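J.: here is my input, please return the structure:
(one chain, ligands or ions: 2)
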Amino acid sequence: MAIKIKTMNKISNKGLALFDERYEVGDEITDEDAILVRSAKLHDYPMGENLKAIARAGAGTNNIPVKECADRGIVVFNTPGANANAVKELVLCSLFLSSRRVLEGIEWTKTITGDDFGKQVEAGKKQFVGPEIEGKTLGIIGLGAIGVAVANAAVKLGMNVIGYDPYISVNAAWKLSKWVKKAASQDEIFQEADYITIHVPANDETKNMINAKAINEMKPGVHVLNFARDALVNTDDMIDALKKGKVARYITDFGTEALAHTDNAIVMPHLGASTPESEENCATMAVEEVMDFLENGNIRNSVNFPTVVEPRTTTYRLCIIHKNIPNMLAKFAGTIAKKDMNIENMVNKARGDYAYTIIDTNDLSEDITKAIEKQEGVIKARIIAKALF
Ligand SMILES: NC(=O)C1=CN([C@@H]2O[C@H](COP(=O)(O)OP(=O)(O)OC[C@H]3O[C@@H](n4cnc5c(N)ncnc54)[C@H](O)[C@@H]3O)[C@@H](O)[C@H]2O)C=CC1
Ligand SMILES: O=C(O)C(=O)COP(=O)(O)O
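T.: Residues are numbered from 1 along each chain as shown. Ligands and ions are numbered 1, 2, ... in the order given. Below is the predicted model:
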């Protein structure tokens, strides 16, 4: 029986080509084993009993009900860093667009007619003067894959860069240029920066982080960039600040009709990750994650379960998604022993309220998954036979 993969949004063929003849892939698939998605909202999507995994070919997973998926034993993956360079390049482009009045100048030039075109251009160009970014201060909130890439590039462009990220990963810290100054708070960024760019996930903590109060703390004439998510910025407050001139420029990938028609706002149609390179990177990584999970039970780059990656050495692998509560392993071992199965390898990892256990064995008792699922705290159990793959 084929393994069914449902695609939502346009997933690059470079990734989809990795699925071989054992897989059935497409946007019409029903009763799917896994979903590949980009920005489509899955909060109201009816997830079936057979669904085991959702892979977000991209970074942000706020379009997926991650916690509900964990409760149902559905592993949600994303593709960390796979589209970071694409976003970094658009942020750099936007730093220039927000400073130099290039877009207005281009629009104005289109309106000029006549033999004295050159003369009119030279006379009118003074309306489009804008500052250079070299020597200015860029404040970055969120130093993950994108924030670090933007920070390092901005340092090379001669900007003073300050960054704020109370949860910075060791990996990101290793990659960050030593010239990036560490801010002790968001307020420090608001108060010191001429340009502010945000690169955090949308969640309860970050929602509305740029609102009237935050804007009030910023320097007059600040430039604000939002290539992260709409929920992070209070759009009404931003429109108000643009109208008053407190914010000189707001450039975002996440607009509204009102914002798109406000002077000094530049609204892009969510283009951050829209490059062939990043679409291919994201799709390839997402497909590899899903295949390894469906075929081997390995979990890497999940946002709701721990990383567990073990080489296959036995004929069968029992994969158990369960609550992170005491005595689970003893119960599994007891159940397995009762079925006369011998454990060759066992790995258990927890993440928050949830845990994942892989048990490798060369024995199989037909109803082992049912017996395991009867244990309190078990969400889902699955047996994968190596011979099938
Ligand atoms: N415009 C577009 O097309 C794209 C937008 N994005 C958005 O950008 C976000 C960031 O992407 P990546 O850098 O790849 O993710 P990432 O996970 O590598 O980095 C996010 C960083 O934000 C930090 N963070 C979390 N809460 C914070 C807080 N309250 N204050 C300061 N820092 C905080 C984390 O510690 C982490 O270092 C994504 O969650 C997504 O919403 C990502 C890719 C494309
Ligand atoms: O990766 C992300 O978080 C993005 O926002 C990219 O979205 P997209 O895949 O281009 O719909």
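
J.: quick check: closest non-adjacent residue to residue 176.
T.: Excluding its sequence neighbours, the residue lying closest to residue 176 (C-beta to C-beta, 6 or more residues apart in numbering) is residue 148, at 5.2 Å. All C-beta spots, glycine's among them, are computed from the backbone N, C-alpha and C.

J.: confirm that neighbour sits in a helix?
T.: Yes - counting by DSSP: H, G, I helix; E, B strand; the rest coil, one finds residue 148 located in a helix.

J.: ok and the residue in this structure nearest ligand 1?
T.: Taking C-beta to the nearest ligand atom, ligand 1 has its nearest neighbour within the chain at residue 144, 1.7 Å off.

J.: does that residue touch residue 172 like I think?
T.: Yes - Residue 144 lies in contact with residue 172 (C-beta atoms under 8 Å); the separation is 5.8 Å.

J.: okay, and the common contacts of these two?
T.: Shared contacts of residue 144 and residue 172 (C-beta atoms under 8 Å, 6 or more residues apart in numbering): residue 165.

J.: show me how this structure divides into domains.
T.: Annotated domains of the chain cover 1-81+275-305, 84-267, 306-389 [automatic domain parsing].

J.: around ligand 1, which positions in this structure sit nearby?
T.: Residues of the chain found near ligand 1 (C-beta under 6 Å from any ligand atom) are 58-60, 80, 83-84, 87, 141-147, 164-169, 172, 199-202, 205-206, 227-229, 253, 270, 272-273.

J.: same list, the residues you listed, but only the ones touching ligand 2.
T.: Answer for the residues of the chain next to ligand 1 near ligand 2 (C-beta under 6 Å from any ligand atom): 58, 59, 60, 83, 272, 273.

J.: ok, now how distant is the fourth one from residue 322?
T.: Pointing back at residue 83 there. Distance check for residue 83 against residue 322: by C-beta to C-beta, to the nearest Å, it reads 32 Å.

J.: A strand includes residue 357, no?
T.: Yes - Residue 357: assigned to a strand according to three-state DSSP.

J.: my read: it touches residue 324, true?
T.: No - Residue 357 is beyond contact range of residue 324, at 10.8 Å (criterion: C-beta under 8 Å).

J.: now the helices for the stretch 151-300 of the chain?
T.: 170-175, 186-192, 212-217, 235-244, 257-260, 276-296 (DSSP state H, counting those that start in this stretch).

J.: with mean pLDDT, distance to residue 153 and mean neighbour count added, can I get those in CSV?
T.: Output for those, formatted as CSV (pLDDT from 0 to 100; distance: least, C-beta to C-beta, whole Å; neighbours: other C-beta atoms under 10 Å):
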stretch, mean pLDDT, distance to residue 153, mean neighbour count
helix 170-175, 98, 12, 12
helix 186-192, 98, 18, 18
helix 212-217, 98, 25, 15
helix 235-244, 98, 25, 18
helix 257-260, 98, 26, 13
helix 276-296, 98, 16, 21
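
J.: now these as TSV including distance to residue 8?
T.: TSV is the format used below for the helices of the stretch 151-300 of the chain (distance: least, C-beta to C-beta, whole Å):
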stretch	distance to residue 8
helix 170-175	29
helix 186-192	34
helix 212-217	34
helix 235-244	26
helix 257-260	25
helix 276-296	12
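
J.: for residue 134, which of those is the nearest?
T.: Nearest to residue 134 among the helices of the stretch 151-300 of the chain is helix 186-192; the distance by C-beta to C-beta comes to 16.9 Å.

J.: so how far is that closest one off the chain centroid?
T.: Relative to its parent chain, helix 186-192 has a centroid offset of 25 Å by C-alpha atoms, centre = their mean, to the nearest Å.
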